[in-house]
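A.B. asks: sharing a sequence plus its predicted fold:
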Amino acid sequence: MNPLDLTVVLVVAGLYTVGFLLVLDRSLMRVVLGFAVLGHGSNLLLLVVGGRPGAAPVLGTVAPGEMADPLPQAMALTAIVITFGLTTFLLALAYRSWTFTGHDTVRDDVEDRRLGSVADRRAREERE
Amino acid sequence: MLILVIAHLVVAALVPPAARRWGPRALLAFAALPTAALAWTLTRAPGVLAGEAVRETVKWAGTLDLSFAFRLDPLALLVLLLVTGVGAAVLVHGAYYLDDADAGRVGALLLVFAGAMVGLVTADHLITLYVFWELTTVCSFLLIGGVGATRAERKAALQALLVTALGGLLMLLGLVMLGEAAGTYRLSAILSAPPRGGLVEAALALVLVGAFTKSAQLPFHPWLPAAMVAPTPVSAYLHAAAMVKAGVYLVARWTPAFADVPFWRPAVLVVGLLTLLVGAWRALAETDLKRLLAFGTVSELGLLMVLFGAGTPVAASAGAAMLLAHGAFKAALFLLTGVLDHQLGTRDARELSGVARTFPGLAAVAVLAAASMAGLPPLVGFLGKEASYEAFAGDPVVLAPLVLGSVLTVAYSVRFLWGGFATKPGVKASAGQRPTIGFVLPPAVLAAAGLLLGLWPGLTDDLARGYANGYGPTQEYHLAMWHGFTAPLLFSAVALVAGVGVGWAWDRLAALRARLPRAPEAQRGYEYGVRGLDALALQLTRRTQVGSLPLYLTVILLVVLAGPGLLLALHAPTSVPATMNGLVVQVPLGVLVLAAAIAVPRARHRLSAVLLTGVVGYGVAGLFVAHGAPDLALTQFLVETLVLVVFALVLRRMPVRFTPLRRGWRLHWPRWLAAGGVGLMVGAFALRAAAARDQPAISHAYLDHAEQAGAHNVVSAVLVDFRALDTLGEIGVLAVAAVGVASLVVGARRPRRGQEQEREREREREEVPR
């Protein structure tokens, strides 16, 4: 058993909700921000689920029994850095999309649309 | 037997170069291979018929218990005689019939097919059987389609492939079920100790569907007449003598073991009898001689199904005799039609006239073969027909359609002879070059084989009894020309007289037929089926692949909710290990983070959205501190600041506000539902995961050994010492990301500048002429 702070759980749930809401948007900038928010949520989740809270795991300050678990912290630290790399990369993608097309919205896939119009045309021919 | 199969496949590779070098006549040399196979089969025949099956097992993956298992028993012997004999005849015929362009391809495929067929009938392992089964399907597809020159060829090839492969796949399912139920995939083992049970019955039903599609039984039959667009040697071999017998072979193989399964006999008998009648009826109305023969084949295959599926020794004897008879006479008739087509340029009954006078030899062979088809003594067809009446003498429900089928068979035999060879008033006598001896020899030999088997009933009886003995120890009935004045003789006479009458008066009956209500055609069913499937696929794509990324993501999230989310809800923990500590620090920070997060989607300015995200990041860093992770908080502060700087750099060049999009509750509620659902789910997951922990943390080892690493901060010890390789990987990821970002940002500028220069240069070039 590893008692959780309910506040942190609520924060994690809220961050995930907002993150996915942003990712589902049509604006690439919002999608990037969504990834950042999801990253925050995930890091927090990783930390609080992974181990109990406590004092900072620095030797010589408190007894080892009162320290927070250092392993999830190391993992979350790695995750923070990776999230940073991902966010900047996505931002660069959005920026490139804006420079080339003059907007940064997610357009519908033209090929998928074309396939759909084939289906419509067939259906019309069948009726006639 | 494996060597025989391999020999066919290897030699097939030699056919195309040989045909290029020496022309179609090269096929004459390749006919030696099936002839040799026939000779080998004949040398084995006495031993096999005496009850000593030839067995052969070649292990190819011993540790997995996989091996090629073959065995030659009386039934395999029967079909093998047909496959090799007709194969040789067809290759000789093809040497004269095929033109330069086709000979190599068709000849090679015919040999491949012959090899696959040899494998199919001798295979003693369910999966081996299936592999050869599908190989014949593929050969059939390639041979019908030719090089895909015409629409009709492509359509017919596709139909044959779709129908038989569908059956084949269902059969594979059945074979696997059967193999699992029996505990072995060895065919002979399954047949000697047949398993029983509901699973086995379902498996048998699937196998029967496979057999019915392959042997063109109702309602799957239309692919066979359509396949007649193939060259005549192909039609004669695949679609009359050999491949379509595969389904019949399968039924013949399995009936001894499974005839007492409740639905086996009714299913086979009903389908077979219906096919017998419908095929014969359709054959009567055809004027294209090849299509007439094709429907005749459908009809005869129905008869064979009935005989082999009945499960009595006499019916089995009759089936064996009919199998040989049909292979011989139907292949002969097809080859004859090919000769007519090749020499006279047509095979339409309405255009042929006086052929008997032009080519009397050809006509004689045709009469001999057609007489066997009609069941006239002293030909082998008569032996088979007599035995089939005898087999069902006490069963009028089967006997009546059987005799009616025979009447129609005699009638279309008459129609074939009349249509192909008679002198018709008002039609110009056909004229053409006399065929060479070699061209006519194959059908003549096949027809003569029918005569030989008829005149020597003892031989036919031996061949048939070898298989029929599998149904019981002994049987009184022998195949013979003369049994005395018996009921079967009467039926034969009735069928003959009535059949000749119907055939003679067909032109008048055709008017009557035209007035009958038309039964639905199975071909229509196939076409509707294929078109419906096509439309369904398109509509499904239309509905699901709309091209909208947010929609796809919503679907993915909903699936996550429906799968893992539902599981999580079902396995809720009994007690939730939640506390409400740290009211002073955590709660205010949590409120701050949540408030900032909720404001992000509502922000209209890009900069405010970015700043709000920054607030979220700093707030989370605060929560890290509260949790006892100052290193994390430090990193988070640094990273968050860096991100803000990067965003600010980018935002410099972008518009202040977001591109306005349609907004509104009606449009967005599914997104809210998906996002909110997943948020709740993750929260529940956190509680569940915390409750699931039942082992102490492993990190005490890190705490104990951090001193040795020369560190006081345990987290840094983990990062740079204990798990340094992970950190190296992390640095690699950052490096890759940096390269990616650099190339994207720099590349984004360059083309623009390049384009500018390009445009500049173009302008200059345009200005020069002026």
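C.D. replies: Structure's in. What do you need?
A.B. asks: ok so B:Ala596 is a strand residue?
C.D. replies: No - using DSSP: H, G, I helix; E, B strand; the rest coil, the assignment for B:Ala596 is helix, not a strand.
A.B. asks: so how far is chain A from it?
C.D. replies: 9 Å (Cβ to the nearest Cβ, to the nearest Å). Where C-beta positions appear, they are placed from N, C-alpha and C, glycine not excepted.
A.B. asks: would you confirm that that residue contacts B:Val620?
C.D. replies: No - with contact defined as Cβ atoms under 8 Å, B:Ala596 does not count as touching B:Val620 (10.1 Å).
A.B. asks: neighbour count for those two, which is higher?
C.D. replies: B:Val620 (29 against 20; other Cβ atoms under 10 Å in any protein chain shown).
A.B. asks: list the contacts of that one.
C.D. replies: By Cβ atoms under 8 Å, 6 or more residues apart in numbering or on different chains, the residues touching B:Val620 are A:11, A:15, A:40, A:43-44, B:593, B:636.
A.B. asks: what's the closest of the residues you listed to A:Val118?
C.D. replies: Relative to A:Val118, the closest of the contacts of B:Val620 is A:Leu15; by Cβ to Cβ it sits at 42.0 Å.
A.B. asks: the closest one: what secondary structure?
C.D. replies: What three-state DSSP gives for A:Leu15 is helix.
A.B. asks: next, count neighbours for it.
C.D. replies: A:Leu15: 27 neighbours (other Cβ under 10 Å).
A.B. asks: now do the same contact list for it.
C.D. replies: A:Leu15 is in contact with A:37-38, A:40-41, A:44, B:593-594, B:597, B:616, B:620, B:679, counting by Cβ under 8 Å, 6+ apart.
A.B. asks: all helices of chain A, in order?
C.D. replies: Secondary structure of chain A (DSSP state H): helices at A:6-23, A:28-50, A:70-101, A:110-127.
A.B. asks: and what of the stretch 201-350 of chain B?
C.D. replies: Along the stretch 201-350 of chain B, counting by DSSP state H, counting those that start in this stretch, helices occupy B:223-226, B:232-236, B:245-258, B:264-285, B:289-309, B:313-344.
A.B. asks: so what touches the second one?
C.D. replies: If you take Cβ under 8 Å, 6+ apart as the criterion, helix B:232-236 is touched by B:86, B:90-91, B:93-94, B:97-98, B:106, B:110, B:143-144, B:227-228, B:290, B:294, B:330-331, B:334-335, B:337-338, B:341.
A.B. asks: for the record, mean pLDDT for that helix?
C.D. replies: Mean per-residue pLDDT for helix B:232-236: 91.
A.B. asks: what's the answer for the longest one, then?
C.D. replies: The pLDDT scores in helix B:313-344 average 92.
A.B. asks: dump the residue contacts of B:Leu612.
C.D. replies: Counting by Cβ under 8 Å, 6+ apart, B:Leu612 touches B:596-597, B:599-600, B:603.
A.B. asks: again, 6 Å this time
C.D. replies: By Cβ atoms under 6 Å, 6 or more residues apart in numbering or on different chains, the residues touching B:Leu612 are B:596, B:599-600.
A.B. asks: quick check: domain ranges of chain B?
C.D. replies: Chain B breaks down by automatic domain parsing into domains covering B:2-519, B:520-574, B:585-659, B:704-770.
A.B. asks: for those domains, which one sits closest to A:Trp98?
C.D. replies: Within those, the stretch nearest A:Trp98 is domain B:585-659; the backing value is 5.9 Å (Cβ to Cβ).
A.B. asks: can you get me a residue count around B:Phe647?
C.D. replies: 25.
A.B. asks: for the helices of chain A, which one sits closest to B:Ala537?
C.D. replies: Closest to B:Ala537 of the helices of chain A is helix A:110-127 (Cβ to Cβ; 8.8 Å).
A.B. asks: C-alpha coordinates for that closest one, CSV please?
C.D. replies: Below are the C-alpha coordinates for helix A:110-127, written out as CSV (Å, rounded to 0.1, in the frame of the first residue of the first chain):
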residue,chain,number,x,y,z
VAL,A,110,-7.0,14.8,-48.9
GLU,A,111,-6.6,11.1,-49.9
ASP,A,112,-9.1,10.0,-47.3
ARG,A,113,-11.6,12.6,-48.6
ARG,A,114,-11.0,11.4,-52.2
LEU,A,115,-11.8,7.8,-51.2
GLY,A,116,-15.0,9.0,-49.6
SER,A,117,-16.0,10.9,-52.7
VAL,A,118,-15.5,7.7,-54.7
ALA,A,119,-17.9,5.9,-52.4
ASP,A,120,-20.4,8.7,-52.8
ARG,A,121,-20.1,8.6,-56.6
ARG,A,122,-20.6,4.8,-56.7
ALA,A,123,-23.6,5.1,-54.4
ARG,A,124,-25.1,7.7,-56.8
GLU,A,125,-24.5,5.5,-59.8
GLU,A,126,-26.1,2.5,-58.1
ARG,A,127,-29.3,4.6,-57.5
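A.B. asks: nearest residue to the residue in the stretch 351-500 of chain B that chain A sits nearest to in space, please, no chain neighbours.
C.D. replies: Nearest residue of the stretch 351-500 of chain B to chain A, counting by Cβ to the nearest Cβ: B:Glu351, 37.4 Å away. Excluding its sequence neighbours, the residue lying closest to B:Glu351 (Cβ to Cβ, 6 or more residues apart in numbering or on different chains) is B:Val427, at 6.9 Å.
A.B. asks: likewise for B:Trp418?
C.D. replies: Nearest non-adjacent residue to B:Trp418, counting by Cβ to Cβ, 6+ apart: B:Gly503, 7.1 Å away.
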